[in-house]
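Visitor: Have a look at this prediction, sequence included:
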Amino acid sequence: MPSVSRREFLLLGVATGAVAAVGVVVPLSIATKDSFGNGDGTDSTMPGAVVAVFPKVRVASLSALREAEPVIFDYPLAGQSNVLVKLGEPAMGGTGPDGDIVGFSRICTHMGCTLPEYRHEHKVLGPCPCHFTTFDLIHGGQVSLGQATQNLPQLLLTIEGDDIYATGVVRLIYGFADNLQGAQRVGGTT
Ligand code: FES
């Protein structure tokens, strides 16, 4: 199982019920072995849960990322648009040398319109063209104005050398019962 950094742990902890939000499969059976390593790998009587693993996808170069110049990409499924941005000040869930690099879904949590614009002067995404909701990227994508009642899904990000990877999503993306089901996954390694 991949290790989880403190930042990722905190982000996951912030989202109550985050396990459900990031795409959980609850099977009728789970693979299991006892503490001695015995067993055939399946226990059909024991209930359990398997957490779906998000793909790890490179989304940008750290050295090429400029403050106030957002990068747009789909993750984890095709059509799930996101924005990666260097805010210029430390942010909740921010990564990078200055703790100011964040990634968020661009799909509005009110009714699913695409949020077209990052406004650097206020460090917000929005207003949404449909009903004007605006989301605060410094404070975890919380609603700062408008109709939506839920914060934007925030990406888990990992930096390795000069590469920035998306490694997960906290909160459910609008229109999806499971962040990992319903369309083709964006390519990557798990
Ligand atoms: Fe964005 Fe309604 S869809 S505010």
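Guide: Arrived safely, thanks for sending. Residues are numbered from 1 along each chain as shown.
Visitor: Find the residue closest to Lys86 in space, skipping its chain neighbours.
Guide: Take Lys86 and drop its neighbours on the chain: the residue closest to it by CB to CB, 6 or more residues apart in numbering is Glu67, 4.7 Å away. For every residue, glycine as well, the C-beta is placed using N, CA and C.
Visitor: Where does the prediction get shaky in this protein?
Guide: Applying pLDDT under 70 to the chain flags the ranges 1-52, 188-190.
Visitor: Pick out the residue closest to the middle of it.
Guide: Val169 (2.0 Å; CA atoms, centre = their mean).
Visitor: is it true that that residue lies in a helix?
Guide: No: read with DSSP: H, G, I helix; E, B strand; the rest coil, Val169 is strand and lies in no helix.
Visitor: Could you double-check that it lies in contact with Leu155?
Guide: Yes: under the criterion of CB atoms under 8 Å, Val169 makes contact with Leu155 at 5.9 Å.
Visitor: Need the residues touching each of the two.
Guide: Residues touching both Val169 and Leu155 (CB atoms under 8 Å, 6 or more residues apart in numbering): 75, 105.
Visitor: ok, Glu89 - contacts?
Guide: By CB under 8 Å, 6+ apart, Glu89 lies in contact with 98, 100, 123, 138.
Visitor: and if you look at Glu67?
Guide: Contacts of Glu67 by CB under 8 Å, 6+ apart are 86-88, 100, 120.
Visitor: With the ligand as the reference, measure out to it.
Guide: The gap separating Glu67 from the ligand is 26 Å, by CB to the nearest ligand atom, to the nearest Å.
Visitor: Compute the distance between Thr95 and Gln150, please.
Guide: Using CB to CB, to the nearest Å, we find Thr95 at a distance of 23 Å from Gln150.
Visitor: do Gly88 as well
Guide: Taking CB to CB, one finds Gly88 at 26 Å from Gln150.
Visitor: ok, the two, which is more surrounded?
Guide: Gln150 (16 against 13; other CB atoms under 10 Å).
Visitor: Now that the more buried one has come up, it's in contact with Ile107, right?
Guide: No: using CB under 8 Å as the test, Gln150 is too far from Ile107 to be in contact (11.4 Å).
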